[in-house]
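Enquirer: Can you look at this prediction? I've put the sequence above it.
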Amino acid sequence: MTDTEYIRNLRTPGKEDPLRILMSACLTGVQCAYDGSDYGTYPGALKLLEYDNVVVIRFCPEAFSFGTPREMCDIYGGNGDDVLDGKAKVLAEEGSDWTAGMIKASEAMLALAQTHQIELAVMMDISAACGSQVIYEGSRFAENKVYQMGAGVCTAQLRRHGFKVISQRDFAALELLYAKIDKHHIIDAAKTDHHQTDWYQAYFKIEK
């Protein structure tokens, strides 16, 4: 089932039984980014905090394992699934091996998702932990930085256990989600998900 089909088939939540959404904490305004800031600049994600029929469970896997502030990290030799399979590594900006800590963080996020029986996760894309469609291939600080299709370690862990994950840039999916939780919301059909953008399709050479 695609993310679109899944969201369309979500139950209609109420105040007494709210929709349970797991979110990257940085998207909700928690100052847990690598430099102690937050990424609460995405109104599409922040909007979910306004509904009384939604409960948002916040978690930052990198802060969990490495604290805040911390170095930036990226995946080398593959994607999040490859890290979980022992085929790739997570390295900090200065070269320290953070692989074990990132896997531990992914297990903590999975446990949280299972405990709260979340129904959807909204995660920070491009992150080595939370990326859902695009991550860096090696260092984001390289002179010629390279992107790759794929998920970060924590998103890969969630998906392996059956949880659906979208990013804060999946605007079409978010429109469907708003309509599910707000009967007055009118879907903006012009919105697109990240993989539908001109940048994504041009960068990864996807024929339209």
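Expert: Perfect, thanks for sending it. Numbers count the residues shown, from 1 in each chain.

Enquirer: quick one: buried residues of the host helix or strand of residue 44?
Expert: Element membership for residue 44 (DSSP states H and E) is helix 43-46. Under the neighbour-count criterion of 16 or more other C-beta atoms under 10 Å, helix 43-46 has 44-46 buried. For glycine as for every other residue, the C-beta is placed from the backbone atoms N, C-alpha and C.

Enquirer: Could I get the contacting residues of the residue nearest to residue 26 when sequence neighbours are not counted?
Expert: The shortest distance from residue 26 to any non-neighbouring residue, by C-beta to C-beta, 6 or more residues apart in numbering, is to residue 39 (4.4 Å). Residue 39 sits next to 24, 26-27, 33, 124, 168 when contact means C-beta atoms under 8 Å, 6 or more residues apart in numbering.

Enquirer: how close does residue 39 get to residue 125?
Expert: 10 Å (C-beta to C-beta, to the nearest Å).

Enquirer: okay, and the common contacts of these two?
Expert: Here residue 39 and residue 125 have residue 168 as joint contacts, going by C-beta under 8 Å, 6+ apart.

Enquirer: returning to what we had before: how much space between the residue nearest to residue 26 and residue 147?
Expert: Counting by C-beta to C-beta, the gap from residue 39 to residue 147 is 18 Å.

Enquirer: before we move on, the earlier item: which of the contacts of residue 39 ranks first by neighbour count?
Expert: The member of the contacts of residue 39 that has the most neighbours, counting by other C-beta atoms under 10 Å, is residue 24 with 32 neighbours.

Enquirer: Name the residues that touch the longest helix along the chain?
Expert: The helix that spans the most residues within the chain, counting by DSSP state H, is helix 99-116. Helix 99-116 is contacted by residues 20, 22, 57, 59, 61-62, 64-66, 73, 80, 83-84, 89-91, 121, 128-129, 153-154, 156-158, 161, 163 when judged by C-beta under 8 Å, 6+ apart.

Enquirer: and those, which of them are in helices?
Expert: Among the contacts of helix 99-116, the residues falling in helices (DSSP H) are 61-62, 64-66, 80, 83-84, 153-154, 156-158.
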